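>>> Pasting the sequence and the predicted coordinates here, then a few questions.
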Amino acid sequence: MNNTEFQRNRNKTIQSKFQSAIKESNNSKNSDRYSFVNHRILPTELKDISNTIKSADKLHKQMIDSCKINKKSKLSKPHRHHFIYDETMGLDCVVEKLDAWRKDYPSKYFVKRTFKDKGGKGRLMVELTELFMCRDCDLFCWSDNRVLMDYDIFSFFNSRGLV
C-alpha cells in the first residue's frame with residue numbers, strides 16, 4: 001500500500017467516524033437538555049432589577065460600578081446593559097430557557113417586544129433579544145444577541161413559520 005492509498009483509507013475512516021458521531025449526537029438525549037417556559041407575566045427576578053440596584057449593599061454597588069459593560073453603557077447612549085423593566089417598553093412575550101445539564105447556572109430569558117421607532121418615521125418595530133445573568137454585576141442584562149426588524153417583515157416571516 002503506497003502513501004496515497006494509506007491517506008485515502010485514513011480519510012475515509014475519519015469521515016465515517018465523524019458521520020457516526022453526528023448520528024449518535026442527533027439520536028442522543030440532547031433534546032432533553034433544554035426546556036422552555038413561556039411566561040405570561042414577567043418573572044419577578046426580571047421585574048425588580050431597578051429596585052435591586054437602588055437597594056444594593058456596598059459590595060454589590062461596587063460590583064455594579066466596576067462592571068466594564070455597565071461603564072460602557074453609561075458612556076454610550078445606544079448601548080444598554082441592565083434590563084430595567086418599564087410598562088411602556090411593549091413586551092409581548094418572555095421565554096425562559098432552562099438547561100437541565102447545568103442546573104446551578106441561571107436561566108436565560110428571551111424577550112419579544114413591539115414598539116414604535118423613535119428614529120424618523122415612527123414605524124412599528126419588533127425586537128427579539130436575549131437576557132443573561134451578567135457575572136460582573138450579578139443582574140439580568142441585555143445581550144448583544146438581538147434581532148430588530150420592521151413589523152411587516154416580522155409578520156411575513158411569522159406567517160410562514162420562520163420565526
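Yes, it's here.
>>> what are the ranges of the strands in the protein?
Along the chain, the stretches classed as strands by DSSP state E are 34-39, 91-99, 108-116, 124-133, 140-150.
>>> now the last one: mean pLDDT?
I take that to be strand 140-150. Mean per-residue pLDDT for strand 140-150: 85.
>>> In that strand, which residues are buried?
Of the residues in strand 140-150, Phe140, Cys141, Trp142, Ser143 count as buried by neighbour count, 16 or more other C-beta atoms under 10 Å. The way it works is simple: take the backbone N, C-alpha and C, and place the C-beta from them, glycine included.
>>> What of the fourth one?
When neighbours are counted by 16+ other C-beta under 10 Å, the buried residues of strand 124-133 are found to be Met125, Val126, Glu127, Leu128, Thr129, Glu130, Leu131, Phe132.
>>> where does the fourth one land on pLDDT?
What the model reports for Leu128 is a pLDDT of 88.
>>> how close does the residue nearest to it when sequence neighbours are not counted get to Ile153?
Excluding its sequence neighbours, the residue lying closest to Leu128 (C-beta to C-beta, 6 or more residues apart in numbering) is Val147, at 4.6 Å. According to C-beta to C-beta, to the nearest Å, Val147 and Ile153 sit 10 Å apart.
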